[in-house]
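**Student:** Just to be clear, the model below is a prediction. Sequence and coordinates:
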Amino acid sequence: MSPGLALPRAWLQASRLPSQSYIALPLLLGQFIAVHATGGALRVGTLVAVQLFGVLDQLFIVYANDWADQETDRRNRTATMFSGGSRVLVEGRLSPMSLGTAAIACAVALVGVSVGLAVVHGAPLLGVLAVAAVGLLWAYSYPPLRLSYRGGGELLQMVGVAGVLPLYGYLAQGGALADFPWALTAMLLPTHLACSIATALPDEPSDRDSRKRTLPVRVGGERAAWVIVALNGLTWALAPLGLASVGLEVGPALGVPVAATLGVVGVRPAPPGSWRIQARVAAAITATLAMVVWPLLGLAWP
């Protein structure tokens, strides 16, 4: 590798851009809900600013998590593209100081973008939600709560991606808080929790060594896979009400998350470090993202 490209490639690796899908899609969903509810046009400038907020939020999350999980990541011998951090600190490709500084810069920038949107659109809750997004990551990875270690980190992820992000996009595009479709949020909460549990499956050995109390550590990977199935099943049960809250109906598209969820338990045993664990996590992520993309496409192209 050319020495001149080593640093940009290290930052690209640290940025874990595929994880942007967890952030960008809920933000887009919230914005199209607002357009549907208000009957107005999508404000393109706002769309760009909201998605910029999403990029900064995602970068803040991955940089700050890498910094907080340095020791656990060094113990991790079963990392995958879905878990185990970016490895840039483990491999010595970036320094902790540079990554920590970048995390702080992203946090400041995402709050700044939100304050700007709040002022332009008269929506002060955008600033509150931005601070909440930073606070959720802090509670997940850092003292005094550090819930990714003490237990409950998956719940924080669920609240962030199923609650904070869609609401942020919705308010930015002019949606009224009183008209927000909370039934859709209730539908999405279980599947996002399932996705959070799934991404912890490959890290079970190093998480156990580091005394992290993730669900796979507490109940084992195979039992956690069945919890993922149950949570996705709850989302499907709530789908008629959730989709109806934004004027949509259950249809054949439900087959995608159902098939993907069957794949979660269809590939077994799936020990950490095996190809089956990567297939299992990919199936769980597909099931969750399908439940976000479904209403998003239905609202974008009615």
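**Tutor:** Structure's in. What do you need? These numbers were taken from a predicted model, which means no experiment stands behind them. Numbering: from 1, shown residues only.
**Student:** Determine the three-state secondary structure at the residue nearest to residue 100 when sequence neighbours are not counted.
**Tutor:** Computed as Cβ to Cβ, 6 or more residues apart in numbering, the closest residue to residue 100 that is not its neighbour in sequence is residue 67, at 4.8 Å. Placement of C-beta: from N, CA and C, glycine included. Secondary structure assignment for residue 67 (DSSP: H, G, I helix; E, B strand; the rest coil): helix.
**Student:** so where do the strands sit in the stretch 1-150 of the chain?
**Tutor:** In the stretch 1-150 of the chain, no strands are defined using DSSP state E, counting those that start in this stretch.
**Student:** Give the residue spans of it that score low on pLDDT.
**Tutor:** Across the stretch 1-150 of the chain, the ranges flagged by pLDDT under 70 are 1-3.
**Student:** Hmm, residue 126 and residue 111 touching each other?
**Tutor:** No - Residue 111 is beyond contact range of residue 126, at 9.9 Å (criterion: Cβ atoms under 8 Å).
**Student:** Looking at those two now, which is surrounded by more residues?
**Tutor:** residue 126 (27 against 19; other Cβ atoms under 10 Å).
**Student:** Check the spacing between that one and residue 204 real quick.
**Tutor:** Look at residue 126 and residue 204: by Cβ to Cβ, to the nearest Å, they are 37 Å apart.
**Student:** ok, back up a step: the residue nearest to residue 100: neighbouring residues, count only.
**Tutor:** 20.
**Student:** same thing with residue 17?
**Tutor:** 12.
**Student:** repeat for residue 271
**Tutor:** As a measure of burial, residue 271 has 15 neighbours, counting by other Cβ under 10 Å.
**Student:** And the pLDDT for it?
**Tutor:** Looking at residue 271, its pLDDT reads 94.
**Student:** The chain should start at 15 in everything you say after this.
**Tutor:** Yes, from this point I'll number from 15; that puts the last item at residue 285.
**Student:** In this structure it contacts residue 235, no?
**Tutor:** Yes - the pair residue 285 / residue 235 is scored as a contact, 7.2 Å apart, by Cβ under 8 Å.
**Student:** overlap in contacts of these two?
**Tutor:** residue 291 (Cβ atoms under 8 Å, 6 or more residues apart in numbering).
**Student:** Could you measure from residue 296 over to residue 112?
**Tutor:** 31 Å.
**Student:** Same check on residue 316?
**Tutor:** Distance, residue 316 to residue 112, by Cβ to Cβ: 46 Å.
**Student:** Looking at those two, which is more packed in?
**Tutor:** Neighbours were counted for residue 316 and for residue 112 using other Cβ under 10 Å; residue 112 has more, 16 against 9.
**Student:** ok now do the residue nearest to residue 114, which residues does it touch?
**Tutor:** 103, 110, 113-114, 117.
**Student:** Can you pick out the ones from those that are in helices?
**Tutor:** 110, 113-114, 117 (DSSP state H).
**Student:** What is the nearest of the residues you listed to residue 52?
**Tutor:** Comparing the ones in helices among the contacts of residue 81 against residue 52 with Cβ to Cβ places residue 117 closest, at 35.3 Å.
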